[in-house]
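Trainee: predicted coordinates and the sequence they were generated for:
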Amino acid sequence: MQLLLGGSFDPVHNGHVALGDYFVKLLLPDALRIIPAGNPWQKQGLSATAADRVEMVRIAFERQPVPIVIDRQEIERETVTYTIDTLRAVRAELGPQASIAFLLGADQLQQLESWHEWQRLFDYAHLCAAARPGFPAEVAQLPAALAREFARRAASPAQIRGTPSGLTYLATNLAVDVSATQIRAALQRKEHPAALLPSGVLDYIEHHHLYQT
């Protein structure tokens, strides 16, 4: 089984690490695959370079108890990045029987209906999400179509591990409230938001003079 965690990671922060930690402990995967975004169609103008974001991710997740794979396919893709294309590629790589779970933060989950071919995501992976303060913590509080899908596909960790794709899990007890926007703003104010960033990431940011303008 593999867990997939995608994002801009601009910069990677404690919310990303907490999301990965939670599902690593819950689902006991063989590996955690981190997929930094290349040209995400819903976000423009990433602040840090792809190389810097990859290095920050490496630092942030180096203490995980499972193997970490940093997947550069979205960075190397020359076209607009859609998650559905990434999941198709990972499924083709791992084969039809592998269990694949794609991890979502609360903000991503709220926007999921706007994603390209979002209902096809279930054909290639399970969707595992975590609420956080300020976002709905129950399936019934999600947008109607999304709530229906999450409710009818809801499964136990054992079912997710034993099935290739198509199931959901919503964690309601992940209380990490942090965003990359908040961190970039703090850095631009010359603050040092060490409590919001994984060990070593703030040192990397400051050494390479990232997010100063």
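Mentor: It's in.
Trainee: switch to C-alpha atoms for all contacts and neighbour counts from now on
Mentor: OK.
Trainee: list the contacts of Glu76.
Mentor: Gly38 (C-alpha atoms under 8 Å, 6 or more residues apart in numbering).
Trainee: where does pLDDT dip in this structure?
Mentor: Applying pLDDT under 70 to the chain flags residues 39-44, 132-138, 140.
Trainee: which helix runs longest in it?
Mentor: helix 14-27 (DSSP state H).
Trainee: could I get it in CSV with only the CA atoms?
Mentor: Output of helix 14-27 as CSV, limited to C-alpha atoms (Å, rounded to 0.1, in the frame of the first residue of the first chain):
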residue,chain,number,x,y,z
ASN,A,14,3.5,21.2,10.2
GLY,A,15,0.0,20.7,8.8
HIS,A,16,1.4,18.6,5.9
VAL,A,17,3.6,16.6,8.2
ALA,A,18,0.7,16.0,10.7
LEU,A,19,-1.6,14.8,7.8
GLY,A,20,1.1,12.4,6.7
ASP,A,21,1.8,11.2,10.3
TYR,A,22,-1.8,10.6,11.0
PHE,A,23,-2.5,8.3,8.0
VAL,A,24,0.9,6.6,8.3
LYS,A,25,-0.1,5.5,11.8
LEU,A,26,-3.7,4.7,10.8
LEU,A,27,-3.0,2.8,7.5
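Trainee: what pairs with the next helix or strand after that helix, parallel or antiparallel?
Mentor: Sequence-wise, the next helix or strand downstream of helix 14-27 (DSSP states H and E) is strand 31-36. Here strand 31-36 has these sheet partners by DSSP bridges: strand 2-7 (parallel), strand 68-70 (parallel).
Trainee: for this structure, which segments count as helices?
Mentor: 14-27, 50-60, 73-76, 83-94, 106-110, 144-153, 157-161, 180-188, 201-207.
Trainee: enumerate the positions of the longest helix of the chain that are buried.
Mentor: 14-20, 23-24, 27 (16 or more other C-alpha atoms under 10 Å).
Trainee: same list, the strands paired with strand 31-36, but as JSON lines with mean neighbour count and distance to Ala37 please.
Mentor: Converted to JSON lines, those look like this (neighbours: other C-alpha atoms under 10 Å; distance: least, C-alpha to C-alpha, whole Å):
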{"stretch": "strand 2-7", "mean neighbour count": "22", "distance to Ala37": "6"}
{"stretch": "strand 68-70", "mean neighbour count": "17", "distance to Ala37": "11"}
